[in-house]
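Asker: Generate a structure from the sequence data that follows.
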Amino acid sequence: TCALPIYDLIYVANGTGTYTQPAPLALQNAQAVVGAGTALVVNGATVAPAGTAPTLQVTGGAAVTLSTNNTLTGLSVQGSTDGITGTNFGTFNGTLTQVKATNGLALSLKSGTVNLSVTRLDATNAATNGRGVNLEQVGGTLTVTGSGSAGSGGVIQTAANAGNIGIHLQPDTANLTVNLNRMVVQQNHNGVQFTPFSTASTGTLNLSVQDSSFLNNAASSVYLNPTGNTSNTYLIRNNSFTHATTGNGVTYEALRPSGSPSVDQGKIQNNTLSLSTGGNANPIDLAQRVAGSGRFEVSGNTITSYGLYGMQFRAMDGAARMDVILTNNAVSSPASNPAGLNLDGIALTSGITSGQTNTLCVKPTGNISASPNAAAAGFLLRQLSGSAFQIDTAAPSSAGVTAANNGSTVRLSGTFAPVAGTCQAPN
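Answerer: Down below sits the predicted model:
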């Protein structure tokens with residue numbers, strides 16, 4: 001390990017552009033490293049203007065090992081294993097061009113606060129239970145900006161085996177904001193996964209994923225699995241999801257403890273999703289389970305192939321509530337091979353066992369939904385006794401759903417007895 005001398009600030013000139021060393025750059029407490037990509041300012045005076053960011057390349061391990069309260073700006077870092085690692089690292093501030101892990105995690109951070117903006121994150125990690133990014137018990141803000149073009153935010157790839165996660169977010173008791181833009185997340189088990197540490201977790205996640213591509217993630221490209229009593233927000237917009245074999249597109253499965261007051265809010269907008277017709281993959285699959293509330297706007301999405309349902313929304317397993325503003329989506333699919341695997345274009349379910357007291361409120365308008373299976377329909381409306389099914393349209397009925405959705409066909413299941421309702425939109 002190459003430990004820097006104990007200076008408050010280290011300046012890295014551009015030089016030849018790339019500095020190569022055999023061991024990680026090990027920072028001391030409170031050290032700042034400023035690369036030439038950022039202006040060097042001392043006591044208010046600009047000593048060196050911003051120029052081209054140099055690259056630190058480590059051939060024998062992680063690029064950078066954090067201590068506590070470090071700052072990295074104006075450079076790129078590349079490690080032969082991980083990019084940047086740190087545990088109990090205090091507050092890490094950074095503005096970087098690239099963080100790259102050749103055979104490991106671009107970011108492996110546990111217990112601290114991060115305020116990091118990076119143009120691109122790149123990681124390849126095929127190890128068992130490998131991650132591309134791991135933020136565990138971490139708060140603050142991580143932003144991947146990209147440089148404007150598709151894919152310019154970097155490529156995250158692990159492996160399709162269970163346990164392999166591209167980007168793993170587990171804030172626990174911290175409050176974390178993550179903004180992912182223009183990335184490619186491919187060939188993982190789960191692409192982006194949010195799972196709180198336990199049902200006692202008190203932290204929150206504010207997640208934005210935009211203008212990114214998700215390719216062949218085996219279980220789900222975006223997997224949101226909140227537990228406990230925290231309330232989170234999600235924005236999934238202008239992304240493409242393409243799976244040649246298995247895997248959901250966007251999965252939200254909130255498993256809340258009984259009596260939970262949590263309210264999650266999300267917008268899933270203007271995405272294109274093409275999933276395999278050969279299995280049970282659902283491009284958009286949202287479930288509020290046991291308790292708590294989920295409020296979602298799902299609008300402007302285009303689904304061109306699916307395995308089981310094009311979209312599925314469920315309030316289930318107790319006294320959960322889900323509100324869905326469902327607008328201007330287009331759902332279709334070629335027939336599955338073997339035939340008959342595809343079911344309905346959009347499935348809406350309140351309760352999966354009689355006697356539960358769930359509530360599903362849906363406002364479906366302007367959608368075009370069709371199934372390639374003659375035994376299914378554009379919409380499946382399913383309700384079991386005890387749970388409530390509210391429809392926020394001019395006519396709260398199956399005929400009203402057809403009328404408000406360009407003539408899309410409807411089939412009914414269970415003890416369907418809808419009532420008028422006013423659905424609550426996300427903020």
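
Asker: CA atoms for contacts and neighbours, from now on please.
Answerer: OK.

Asker: For my notes, confirm Thr393 occurs in a helix.
Answerer: No - with DSSP: H, G, I helix; E, B strand; the rest coil as the criterion, Thr393 is located in coil rather than a helix.

Asker: nearest spatial neighbour of it, skipping sequence neighbours?
Answerer: On the basis of C-alpha to C-alpha, 6 or more residues apart in numbering, the spatially nearest residue to Thr393 that is not a chain neighbour turns out to be Lys363, at 6.2 Å.

Asker: Would you map the helices across this protein?
Answerer: Per DSSP state H, the chain has helices spanning 398-404. These are given in chain order.

Asker: so where's it shaky on pLDDT?
Answerer: Scanning the chain with the threshold set as pLDDT under 70 gives 1-7.

Asker: ok so, going back, pairing partners for the residue nearest to Thr393 in the sheet, please.
Answerer: In this structure, Lys363 has the following beta-bridge partners (DSSP bridges): Ile325.

Asker: Tell me who's in contact with it.
Answerer: With contact taken as C-alpha atoms under 8 Å, 6 or more residues apart in numbering, Lys363 is in contact with Val324, Ile325, Leu326, Thr327, Ile391, Asp392, Thr393, Cys423.

Asker: If you rank the residues you listed by neighbours, which is first?
Answerer: Val324 (28 neighbours; other C-alpha atoms under 10 Å).

Asker: tell me the contacts of it?
Answerer: When the contact criterion is C-alpha under 8 Å, 6+ apart, the partners of Val324 are Arg295, Phe296, Glu297, Val298, Leu360, Cys361, Val362, Lys363, Cys423, Gln424, Ala425.

Asker: My understanding was that Ala32 contacts Ala26; is that so?
Answerer: No - using C-alpha atoms under 8 Å, Ala32 and Ala26 do not qualify as a contacting pair, with a distance of 11.6 Å.

Asker: Would you mind telling me which of those two has more residues around it?
Answerer: With other C-alpha under 10 Å as the criterion, Ala32 and Ala26 differ in neighbour count, and Ala32 comes out ahead with 21 against 18.

Asker: ok, what's across the strand from that one?
Answerer: Judged by DSSP bridges, the bridge partners of Ala32 are Leu9, Thr71.

Asker: Serialize the contacts of Lys363 to CSV and add fields for distance to Ile167.
Answerer: CSV is the format used below for the contacts of Lys363 (distance: C-alpha to C-alpha, whole Å):
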residue, distance to Ile167
Val324, 27
Ile325, 28
Leu326, 28
Thr327, 29
Ile391, 36
Asp392, 36
Thr393, 39
Cys423, 32
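
Asker: and which of those residues is nearest to Tyr309?
Answerer: If you rank those by distance to Tyr309 using C-alpha to C-alpha, Leu326 comes first, at 15.2 Å.

Asker: Of the contacts of Val324, which pair is most distant in space?
Answerer: Longest distance between any two of those is 14.6 Å, between Val298 and Leu360; criterion C-alpha to C-alpha.

Asker: And the two? Which one has more around it.
Answerer: The neighbour comparison of Val298 against Leu360 (other C-alpha under 10 Å) goes to Leu360, with 29 against 23.

Asker: List the residues that contact the nearest residue to Gly279 once chain neighbours are set aside.
Answerer: If you skip the residues right next to it in sequence, Gly279 has Gly307 as its closest partner in space, 5.0 Å away by C-alpha to C-alpha, 6+ apart. If you count contacts by C-alpha under 8 Å, 6+ apart, Gly307 has them with Leu275, Ser276, Thr277, Gly278, Gly279, Asn280, Ala281, Asn282, Ser336, Leu341, Asn342, Leu343.

Asker: can we see that at 6 Å?
Answerer: Ser276, Thr277, Gly278, Gly279, Asn280, Ala281, Asn342 (C-alpha atoms under 6 Å, 6 or more residues apart in numbering).

Asker: out of those residues, who's nearest Val192?
Answerer: Taking the contacts of Gly307 together and measuring to Val192 by C-alpha to C-alpha, the closest member is Ala281, at 16.7 Å.

Asker: hang on, the closest one packs against Asn248?
Answerer: Yes - in this structure, Ala281 sits in contact with Asn248. The criterion is C-alpha atoms under 6 Å, and the distance is 4.9 Å.

Asker: who's more crowded, the two?
Answerer: Legend: neighbour count by other C-alpha under 10 Å for Ala281 and Asn248, higher for Asn248 (31 against 27).

Asker: Just give me the neighbour total for the spatially closest residue to the more buried one that is not a sequence neighbour.
Answerer: In space, Asn248 comes closest to Ser220 once its chain neighbours are excluded; the distance is 4.4 Å by C-alpha to C-alpha, 6+ apart. When counting by other C-alpha under 10 Å, one arrives at 30 neighbours for Ser220.

Asker: Ser220 bridge partners, please.
Answerer: Under the criterion DSSP bridges, Ser220 forms beta bridges with Asn190, Asn248.

Asker: Restricted to strands, list the contacts of Val324.
Answerer: Counting by DSSP state E, the part of the contacts of Val324 found in strands is Arg295, Phe296, Glu297, Val298, Leu360, Cys361, Val362, Lys363.

Asker: Can you add distance to Met311 and give those residues back as TSV?
Answerer: Written out in TSV, the entries for the ones in strands among the contacts of Val324 read as follows (distance: C-alpha to C-alpha, whole Å):
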residue	distance to Met311
Arg295	16
Phe296	13
Glu297	13
Val298	10
Leu360	15
Cys361	15
Val362	13
Lys363	14
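
Asker: out of those, who's nearest Ile268?
Answerer: Within those, distances to Ile268 taken as C-alpha to C-alpha reach their minimum at Val298, with 4.8 Å.

Asker: right, and the closest one touches Leu326 too?
Answerer: Yes - under the criterion of C-alpha under 6 Å, Val298 is in contact with Leu326, at a separation of 5.0 Å.

Asker: any idea how far Val47 is from Pro54?
Answerer: Taking C-alpha to C-alpha, to the nearest Å as the measure, Pro54 and Val47 are separated by 17 Å.

Asker: Comparing these two, which residue is more hemmed in?
Answerer: Neighbour comparison, Pro54 and Val47: the larger count goes to Pro54, with 22 against 11 (by other C-alpha under 10 Å).

Asker: tell me the contacts of that one?
Answerer: Asn14, Gly17, Thr18, Leu75.

Asker: Can you say which of those are buried?
Answerer: Among these, those that count as buried by neighbour count (16 or more other C-alpha atoms under 10 Å) are Asn14, Leu75.

Asker: Let's see which of the contacts of Pro54 end up in strands.
Answerer: Judged by DSSP E, the contacts of Pro54 include Thr18 as members of strands.
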